[in-house]
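Trainee: here's a sequence, model it:
(chains A, B and C)
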Amino acid sequence: MKHIVAVEQFEREWVLSLFESAERMKSVKSSDELLRDRILATLFYEPSTRTRLSFESAMLRLGGQVVSTENAREFSSAIKGETVEDTVRIVAGYADGIVIRHHEQGAAVRAAAVSPVPIVNGGDGPGEHPTQALLDFYTIQDELGQLDDLKVALVGDLRFGRAVRSLALMFRLTRNVELLFVSPAEVPMGDDIRHALDAAGVRYRDEPDLGKALSVADVVYQTRIQRERFVTQSEFQAAQGIYVIDEVSMGLLGPHAIVMHPLPRVDEIRPEVDLDPRAAYFRQAQNGVFIRMALLHQLLGS
Amino acid sequence: MKHIVAVEQFEREWVLSLFESAERMKSVKSSDELLRDRILATLFYEPSTRTRLSFESAMLRLGGQVVSTENAREFSSAIKGETVEDTVRIVAGYADGIVIRHHEQGAAVRAAAVSPVPIVNGGDGPGEHPTQALLDFYTIQDELGQLDDLKVALVGDLRFGRAVRSLALMFRLTRNVELLFVSPAEVPMGDDIRHALDAAGVRYRDEPDLGKALSVADVVYQTRIQRERFVTQSEFQAAQGIYVIDEVSMGLLGPHAIVMHPLPRVDEIRPEVDLDPRAAYFRQAQNGVFIRMALLHQLLGS
Amino acid sequence: MKHIVAVEQFEREWVLSLFESAERMKSVKSSDELLRDRILATLFYEPSTRTRLSFESAMLRLGGQVVSTENAREFSSAIKGETVEDTVRIVAGYADGIVIRHHEQGAAVRAAAVSPVPIVNGGDGPGEHPTQALLDFYTIQDELGQLDDLKVALVGDLRFGRAVRSLALMFRLTRNVELLFVSPAEVPMGDDIRHALDAAGVRYRDEPDLGKALSVADVVYQTRIQRERFVTQSEFQAAQGIYVIDEVSMGLLGPHAIVMHPLPRVDEIRPEVDLDPRAAYFRQAQNGVFIRMALLHQLLGS
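Mentor: Residues are numbered from 1 along each chain as shown, chains lettered A, B, ... in the order given. Below you'll find the model as predicted:
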């Protein structure tokens, strides 16, 4: 695999092998110089500091170096009419790999089509964010020791949440998993994802009762309700308040289950939950570094 | 000491030991790798390029690496409702230490309360900027060879100037120092600082005559009058023009005295003074790197 | 040569020696550590990501380190009244060399006048961008093996195009070169450049027929027509459409000739040309890294 642009690319064997590599990355240090003499460019057309810092930390821990911009929009198409393709060809002369974040769906695919160096999609508008899906999936493996035979509750904004939509697709690579969709009526899981799951034989059902979902779930994946998706403030607040994880929720959850969240969170997981050992969301963020180390090592290693 | 958030933390023995370390840092090179395999995150919620570059230069000279953002505001509370606490927990997964600069007083203390890695306060709004106080204090030691038995003139905006207020507090760690407050009537030294000095037995007095202050001072700490503090342009210009250091002023100053300034300066020290060997302000800026090297080495060294 | 601020500084022997160094730089790796323990500051008062990343990639490949800002404007004169001179004196305490990009003509010269460390002009408003001229000139040498005995067509906006104006001046260092100026009537090559070429004995002529120019040229240097230079949109579009390099143009061009462009390009070179081996513009961008490595090595090497 030369470029990482979409969840569609991933196959079970490749993913499991990547997770083994991520596991080994936990003890890798810069001075091991796994990517000595390699430079990564983080080419961000919109700020996404979390994603950018995670990739940059990963590259530095591999002994590589980074050149970086969150201003890519200012030196390209928007200002002077340059295409993403031209920009990527130029930056490929400066670096051995490029992480691209773009506001337009499909930008990463276009970049990969012309790039002489590996391209990693760091999120392209409403499109894909494949490394987020990988780190979420890895967290389940890392926390529970398994990816099969699970009940997974996906909670919150399932309609617009890019991360949760991509994660749902990852379960096509598993066996005997049941997905429970717990969402406000305004933001249900889309039919496109349902059809893809049907085609892969993944079971799912809508479960509007969060309590019921919690009592059976091995994994709870909570998401933020996005204010900008609602027409009125009151509709937003109504939707936001429905599904909240708090101490009471944690009482319903099994002792070996985990709570995940792509972050940032607002009120949908109460701060009191943070100290519960089943709260896995900060470990999940940390896993992003190990997954990205594994990916960069595979793409840029000699 | 795990975190550096406030001047209140500093004790004399610790400060003197840090200054010895800063002295040694003058000859340290990246290739000595004192902080090999360490990553520092500079998490800036508002741009402060001077402070950021100083910390980053310090980290690189120690053989460490840096991930950096001046856009922290865009990926956190202001935009999506994330708290500083959450952001810091996430960034702590990417880096071994965090320098935080924030527009809200108290943000660094809140960060330190939850962070598993050392936090350094790089300035929190009208609050503290403790590494500036350390580098200012170190410059006196470095230039004069002593911290005790001095007369120190603090000049300019003593009311709102964060740096000069913090420096005043540092003299609680000294013996037989007298502070002269030379300020326009609109921006006197605050009562909170005066009370703290009283409690510590540090002598001070208001001295509206700059010439008199210069003729006895060992250290002159000049500051910028901040335009935004005045209601009218004419009031500002009146206050700005009162206390200016020029060639005439330098004629009043003793041969072994020094002139300091936290920078940037506008007109309050004339360019003609720059070539005078007693003009210590650019050496002072350079000292920021050595002090920050010493701090980072103490906090992040194994 | 301590600072690189203007094309006027360059002499033939120095340039040829730099090009030999650039050639060697193609095989240099970070781990060769040619600039071990050196830090470069990229001090950009306006974003120019292409130029900045090119310099930073060069520095990292030399085994050095980088501190960087595109926010210099926010911590200096524009906001608080600090001069470029003061800023440079401070940053010189953080780094061993400074690349400065500024919106005001002459800023680099002012920086160089006070800086204790080498200054490289990364573009100062409508003024100079000397490293662009060097990399363009080097590309001719690299692609054709010679700098003398050439016919060079300069095409497009010759009036405001900073890169093409500087390149024209570089031919004063060559022998038996003829320049063909192919420009819309609104944006001809300026008299200042013509006089400088006259004084150096460089032949030139206006050639409004692009086809004729292509049929004799060894080098075609195409440039972008800048929208902001025209009063009306229709005038701009008329000027933009006159001189376009497409497949038909390439049919007129000799088999050993090359097409260059400082980039970004919009429509003035059609994408279909990109695959032609005579399309040298992406290799030209890559050469920027090697030229900047050679420069930084000369300025910052021990």
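
Trainee: for the stretch 101-250 of chain A, just list every one of the strands.
Mentor: Using DSSP state E, counting those that start in this stretch, the strands of the stretch 101-250 of chain A run over A:119-124, A:151-155, A:178-182, A:203-206, A:219-222.

Trainee: show me what from chain A comes close to chain C.
Mentor: When proximity is defined as C-beta under 8 Å from any C-beta of the partner chain, chain A approaches chain C at A:33, A:36-37, A:39, A:41, A:65, A:67, A:69, A:71-72, A:74-76, A:80-82, A:85-87, A:89-91, A:93-95. Bear in mind the C-beta positions are built from the backbone N, C-alpha and C, glycine included.

Trainee: give me the buried subset of those residues.
Mentor: A:37, A:39, A:41, A:65, A:67, A:69, A:71-72, A:74-76, A:80, A:82, A:85-87, A:89-91, A:93-95 (16 or more other C-beta atoms under 10 Å in any protein chain shown).

Trainee: most residues in a single helix of chain A, which one?
Mentor: When chain A is parsed with DSSP state H, its longest helix is helix A:281-300.

Trainee: quick one: distance of that helix to the chain centre.
Mentor: 11 Å (C-alpha atoms, centre = their mean, to the nearest Å).

Trainee: then stretch A:2-9?
Mentor: Distance of stretch A:2-9 from the chain centroid (C-alpha atoms, centre = their mean) equals 13 Å.

Trainee: do the same with stretch A:274-294
Mentor: The answer for stretch A:274-294 is 12 Å, by C-alpha atoms, centre = their mean.

Trainee: and that stretch, what's buried?
Mentor: Applying 16+ other C-beta under 10 Å to stretch A:274-294 flags A:274, A:279-282, A:284-294 as buried.

Trainee: of these, closest to residue B:26?
Mentor: residue A:289 (34.0 Å; C-beta to C-beta).

Trainee: surely the closest one touches residue A:51?
Mentor: No: applying C-beta atoms under 8 Å, one finds residue A:289 not in contact with residue A:51, separated by 11.3 Å.

Trainee: might you enumerate the residues of the stretch 151-300 of chain A proximal to chain B?
Mentor: Near chain B, when you scan the stretch 151-300 of chain A using C-beta under 8 Å from any C-beta, you find A:224, A:263, A:264, A:265, A:266, A:267, A:271, A:282, A:285, A:286, A:288, A:289.

Trainee: tilt between the longest helix of chain A and strand A:119-124?
Mentor: Angle between the axes of helix A:281-300 and strand A:119-124 is 150 degrees (criterion: axes from the mean of the first three to the mean of the last three C-alpha atoms, to 10 degrees).

Trainee: which secondary structure elements does helix A:281-300 contact?
Mentor: helix A:12-25, helix A:49-61, strand A:97-102, strand A:119-124, helix A:130-144, strand A:258-260, helix B:84-91 (3 or more C-beta pairs under 8 Å, 6 or more residues apart in numbering or on different chains; DSSP states H and E).

Trainee: got the strands of the stretch 101-250 of chain A as a markdown table, with distance to residue C:20 columns?
Mentor: What follows is the strands of the stretch 101-250 of chain A, written out as a markdown table (distance: least, C-beta to C-beta, whole Å):
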| stretch | distance to residue C:20 |
| --- | --- |
| strand A:119-124 | 34 |
| strand A:151-155 | 61 |
| strand A:178-182 | 64 |
| strand A:203-206 | 66 |
| strand A:219-222 | 59 |
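
Trainee: same list, those strands, but as JSON lines with mean neighbour count please.
Mentor: Shown next, in JSON lines, are these (neighbours: other C-beta atoms under 10 Å in any protein chain shown):
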{"stretch": "strand A:119-124", "mean neighbour count": "26"}
{"stretch": "strand A:151-155", "mean neighbour count": "25"}
{"stretch": "strand A:178-182", "mean neighbour count": "22"}
{"stretch": "strand A:203-206", "mean neighbour count": "14"}
{"stretch": "strand A:219-222", "mean neighbour count": "26"}
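
Trainee: now for the ones you listed, which one comes closest to residue C:2?
Mentor: Nearest to residue C:2, of all the strands of the stretch 101-250 of chain A, is strand A:119-124, at 40.2 Å by C-beta to C-beta.

Trainee: show me what the closest one is packed up against.
Mentor: Here strand A:119-124 touches helix A:49-61, strand A:97-102, helix A:107-114, helix A:130-144, helix A:281-300, going by 3+ C-beta pairs under 8 Å, 6+ apart.

Trainee: tabulate those (TSV), appending mean pLDDT.
Mentor: Formatted as TSV, those follow (pLDDT from 0 to 100):
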stretch	mean pLDDT
helix A:49-61	96
strand A:97-102	97
helix A:107-114	97
helix A:130-144	98
helix A:281-300	98
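
Trainee: could you find the closest non-adjacent residue to the residue nearest the centre of chain A?
Mentor: With distances taken as C-alpha atoms, centre = their mean, residue A:132 lies nearest the centre of chain A, 1.5 Å away. In space, residue A:132 comes closest to residue A:163 once its chain neighbours are excluded; the distance is 5.0 Å by C-beta to C-beta, 6 or more residues apart in numbering or on different chains.

Trainee: mind listing what the closest residue to chain C within the stretch 151-300 of chain A touches?
Mentor: Per C-beta to the nearest C-beta, residue A:300 is where the stretch 151-300 of chain A lies closest to chain C, at 13.4 Å. If you count contacts by C-beta atoms under 8 Å, 6 or more residues apart in numbering or on different chains, residue A:300 has them with A:35, A:38, A:40, A:64, A:96, A:97, A:118.

Trainee: least confident secondary structure element in chain A?
Mentor: helix A:77-80 (a mean of 60; mean pLDDT, DSSP states H and E).

Trainee: among the contacts of residue A:300, who's most crowded?
Mentor: residue A:40 (29 neighbours; other C-beta atoms under 10 Å in any protein chain shown).

Trainee: which pLDDT value belongs to it?
Mentor: For residue A:40, the model assigns a pLDDT of 98.

Trainee: ok, the strand or helix carrying it: who's next to it in the sheet?
Mentor: Applying DSSP states H and E as the criterion places residue A:40 in strand A:39-44. Here strand A:39-44 is paired, per DSSP bridges, with strand A:65-69 (parallel), strand A:97-102 (parallel).

Trainee: so which of those strands comes closest to residue C:22?
Mentor: strand A:65-69 (19.4 Å).

Trainee: who's in contact with the closest residue to chain B within the stretch 101-250 of chain A?
Mentor: For the stretch 101-250 of chain A and chain B, the shortest gap (C-beta to the nearest C-beta) falls at residue A:224, measuring 7.2 Å. Contacts of residue A:224 were listed using C-beta under 8 Å, 6+ apart, and they are A:156, A:157, A:161, A:261, A:262, A:264, A:265, A:266, A:268, B:80.
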